[in-house]
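A.B. asks: here are the coordinates; sequence isn't available:
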C-alpha cells in the first residue's frame, strides 16, 4: 500500500531508538500501534461505505430496468379485465373391484402359498 520495504522499516526503527530512547520506545510503539489500528478501522469503514453505495446504485439500476421492462410488457399485453379462475384438480378415479391393481396379475390365481413366510394367510404379521 505505502510501498515501504524492509530497509526503510529498519531505518525508521533505528532512528526511533536513537531519538526516543530505549526506555520510552515500548510506550511509543504502543501509541503508534493504537493509531495505526484506528486508521485501519477508519479505512475499512470507508471502504464498506463505498461498497454499500455502489451496491445500492446497482440495485437502483436493476430496479429501473425491471420497471421499464414491466411497463413494456404491460403495453404489449394490456389487461382485458378478464380473470381466469383456476379449477381444482379432480381427484384420481378410484379403481373398481373388477380392475386388477397391477395389470397382468390375476388375483384369482394368487394362492395363500404365495404369501411370505412371516405372514399368516390373512396377510397379518405373526
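C.D. replies: Now that the structure is in, tell me what you want to look at. Everything numeric in this text was worked out from a predicted model, so none of it was measured.
A.B. asks: Shouldn't residue 23 be within a strand?
C.D. replies: No. Counting by DSSP: H, G, I helix; E, B strand; the rest coil, residue 23 is not found in a strand; it is coil.
A.B. asks: How many neighbouring residues does it have?
C.D. replies: Residue 23 has 7 neighbours, counted by other Cβ atoms under 10 Å. Any C-beta I mention is one placed from the backbone N, CA and C, and that applies to glycine too.
A.B. asks: distance of it from residue 17?
C.D. replies: Per Cβ to Cβ, to the nearest Å, residue 23 is found 11 Å from residue 17.
A.B. asks: How about residue 64?
C.D. replies: Residue 64 is 60 Å from residue 17, by Cβ to Cβ.
A.B. asks: do residue 6 as well
C.D. replies: Distance from residue 6 to residue 17, by Cβ to Cβ: 16 Å.
A.B. asks: neighbour count winner among these two?
C.D. replies: With neighbours defined as other Cβ under 10 Å, residue 6 and residue 17 compare such that residue 17 has more, 11 against 7.
A.B. asks: Wasn't the more buried one part of a helix?
C.D. replies: Yes. Residue state for residue 17 (three-state DSSP) corresponds to a helix.
A.B. asks: All good on my end, thank you.
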